[in-house]
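> build me a model from this:
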Amino acid sequence: MRIKLLIYSMVVFSTLCITGCSNNSSEIDKEVKASENEFPPSMTGSISVNDKEYEIVVGNYRWERKQGLDTQVVETDAASPYQIAENFSAIMVEPNTNINIEIEENPRISLYLWNESGREKEVTLKNNQLLAPTSKGQYIYEILAEWSNGEVSYTFVVEVL
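Residues are numbered from 1 along each chain as shown. Next up is the predicted model:
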């Protein structure tokens, strides 16, 4: 009787071990899902001019998420767009060129022109497009992208030829 109980126990234990090991795939699935729910998220963005894509630089951002009764907030303080522009190559454009703004997950977008004193003015967008100025010179822009749970500031520089 003891031998049968011992064999039965070993079979049950072995079955549990095998089942436990096969459960590792669901642990891997959980890790993959966790990376998909990255916090804070990194929302990519770019601008395109004449079908050529250009990088925009991330500045400040703020994200929040609810976890049960708690709210988790991540906020950064980066250099101003004017300071970021000092180390950023300008994108050469002709006057009145369409500049398309493309940011992941289609946030609400505001666009600001910057000078050495700060935000100079808000610039009007139509369908996430900016019309390059008519006057020659270098222009520093800040895109403020807002989602329901966060916002990101992006900078780009254009030089009108």
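
> just give the nearest non-adjacent residue to the spatially most central residue of the chain, would you?
Residue closest to the mean C-alpha point of the chain, counted by Cα atoms, centre = their mean, is Met43 at 1.3 Å. Leaving aside its sequence neighbours, Met43 sits nearest to Glu104 (Cβ to Cβ, 6 or more residues apart in numbering; 4.5 Å). (C-beta placed from N, C-alpha, C; glycine too.)

> ok, now how distant is that neighbour from Glu94?
28 Å (Cβ to Cβ, to the nearest Å).

> so these two - more neighbours on which side?
Glu104 (14 against 11; other Cβ atoms under 10 Å).

> the protein: helices as residue ranges?
2-22, 24-36, 81-85 (DSSP state H).

> got the end-to-end distance for stretch 46-58?
Length of stretch 46-58, first residue to last, Cα to Cα, to the nearest Å: 10 Å.

> what's in contact with that stretch?
Stretch 46-58 is contacted from outside by 45, 78, 84, 88, 91, 93, 97-102, 143, 152-156, using Cβ atoms under 8 Å, 6 or more residues apart in numbering.

> can I have the buried ones of the residues you listed as a PyMOL selection?
Selection of buried members from the contacts of stretch 46-58 for PyMOL, criterion 16 or more other Cβ atoms under 10 Å:
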select buried, resi 45+84+88+91+93+97+99+101+143+152+153+154+155+156
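
> return the subset of the contacts of stretch 46-58 lying in strands.
Counted as lying in strands by DSSP state E, out of those, are 45, 91, 93, 98-102, 143, 152-156.

> pretty sure Pro133 contacts Ile140?
No: applying Cβ atoms under 8 Å as the test, Pro133 and Ile140 come out as separate, 11.9 Å apart.

> if you count surrounding residues, which of the two has more?
Ile140 (23 against 16).

> so how far is Trp147 from the more buried one?
From Ile140 to Trp147 the distance is 24 Å (Cβ to Cβ).

> ditto for Ala132
In terms of Cβ to Cβ, Ala132 sits 27 Å off from Trp147.

> more neighbours: which of those two?
Legend: neighbour count by other Cβ under 10 Å for Ala132 and Trp147, higher for Ala132 (19 against 16).

> residue contacts, that one?
So Ala132 contacts 93-99, 139, 158, 160 (Cβ under 8 Å, 6+ apart).
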